[in-house]
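Visitor: fold the stuff below for me.
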Amino acid sequence: ERTMKQCFKLLTLAVGLLAGITMTSCLGGDSEYQNSGSAIAKVYSNYGMYYYFMTPGRTLTITPTEASVNSLESKNENFKMSNLVGKIVNIGYIWNPDDPNVVQDDKGIQGVDLVAIQSLDFPTLVVSEGSTGTERDSVATHPIISLSPTDAYGQQYQPYFYDDNKSDIIVPVKYFAPNDSRATSASLTLVYYPDDEATIFDKNNGTLRLYLNYRVLGVEEYSTQNTYSNFVAFNLRDMNSNILGRWGSSMPEKVKIVARVNAYSTDIDNSETKEEVYDVLTIEELESQQ
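Guide: Predicted coordinates:
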């Protein structure tokens, strides 16, 4: 039987190429550690006294030692764990299975040393009709490759909800990253256009329609040499946009993400660039496809 850890194994992560993708780490060479792991998880805190992580579906709890959290904070002056509470992250951790302070069972593991953490939190936006295409919008400038990429082992990934609350969405994205010196920035934004005709049609049928916009500034088209895969996360109740609040009092029956895709060109106006629609799956739907 496949475990949840196997179901949510990570794609190769690109570091530093998209805004906000920065891994804070403190990797050491201590040979006493025999086991290591990585996971996508949400950060929780017990009234600031200690931190812990919960994997998608709240299936596993991973609790790091206070010393390892303090070590990360002391060696990375711009990093504070408190700033990540409630956010989706990718973590790397190590542990010695012979350490009596390490407790491991089918509910999770306690007493690991946190050695790396990366925020996967990306911005959301609500854009009304009068602001569409303006500086208040996040207009897509380049296509992505896919939101359902397949890795080298034949594992296909899909956008999915973190848990049954359906407020957090974890999205696998494969894209061409610019190495052109003219490119000044790159970003991914999940946008809700409430006045869009297709969005209104979908809403009347109980579906929340969102757009994933890939935006690269400074260059219109660039090389397809650098291909990357990544997980990014979006909070539909983010206080700055609150997409679900703008949607209405009831929860949507379904959520779909629309993206401009092209596996061979970075030109959004290329004849092969198409609009693809991806369903956001529940944990149960995702597991059934594994």
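Visitor: the nearest residue to residue 141 once chain neighbours are set aside: what's it in contact with?
Guide: In space, residue 141 comes closest to residue 215 once its chain neighbours are excluded; the distance is 5.1 Å by C-beta to C-beta, 6 or more residues apart in numbering. The C-beta positions use only the backbone N, C-alpha and C, and glycine is treated the same way. By C-beta atoms under 8 Å, 6 or more residues apart in numbering, the contact list for residue 215 reads 138-142, 185-189.
Visitor: okay, buried residues for whichever strand or helix holds residue 215 please.
Guide: Using DSSP states H and E, residue 215 sits in strand 207-217. By neighbour count with 16 or more other C-beta atoms under 10 Å, strand 207-217 contains the buried residues 207-216.
Visitor: closest to residue 171 out of those residues?
Guide: The nearest member of the buried residues of strand 207-217 to residue 171, counting by C-beta to C-beta, is residue 212 at 7.0 Å.
Visitor: what sits closest to that closest one if chain neighbours are left out?
Guide: Using C-beta to C-beta, 6+ apart, the closest residue to residue 212 is residue 259 (4.4 Å).
Visitor: quick revisit: show me which of the buried residues of strand 207-217 is closest to residue 150.
Guide: residue 212 (18.4 Å).
Visitor: the closest one and residue 257 touch, don't they?
Guide: Yes: applying C-beta atoms under 8 Å as the test, residue 212 and residue 257 come out as touching, 5.3 Å apart.
Visitor: need the overlap of contacts for these two.
Guide: 147, 171, 190.
Visitor: how many residues are close by the last one?
Guide: Number of residues near residue 190 (other C-beta atoms under 10 Å) recorded here: 25.
Visitor: now residue 103
Guide: Residue 103: 12 neighbours (other C-beta under 10 Å).
Visitor: quick one, phi psi at the nearest residue to it once chain neighbours are set aside?
Guide: Of all residues not flanking residue 103 in the chain, residue 110 sits nearest, at 4.5 Å (C-beta to C-beta, 6+ apart). Note on residue 110: its backbone torsions stand at phi -120, psi 140 [degrees, to the nearest 10].
Visitor: can you tell me how far residue 110 is from residue 51?
Guide: Distance, residue 110 to residue 51, by C-beta to C-beta, to the nearest Å: 12 Å.
Visitor: strands of the stretch 51-200 of the chain, start to end?
Guide: 51-54, 61-64, 88-95, 103-105, 108-119, 124-126, 160-161, 168-176, 185-192 (DSSP state E, counting those that start in this stretch).
Visitor: which strands or helices does the second one pack on?
Guide: So the one you mean is strand 61-64. strand 35-45, strand 51-54, strand 88-95, strand 108-119 (3 or more C-beta pairs under 8 Å, 6 or more residues apart in numbering; DSSP states H and E).
Visitor: among those, which is nearest residue 194?
Guide: strand 88-95 (24.6 Å).
Visitor: buried set for the closest one?
Guide: So, applying 16+ other C-beta under 10 Å, buried residues of strand 88-95: 88-95.
Visitor: wait, which of those is closest to residue 42?
Guide: Distances from residue 42 to the buried residues of strand 88-95, taken by C-beta to C-beta, are shortest for residue 88, at 5.5 Å.
Visitor: pretty sure that closest one contacts residue 163?
Guide: No: shown here, residue 88 and residue 163 do not form a contact pair, counting by C-beta under 8 Å, at 10.8 Å.
Visitor: one step back: just the contacts of residue 215 now: which is nearest residue 117?
Guide: residue 188 (19.6 Å).
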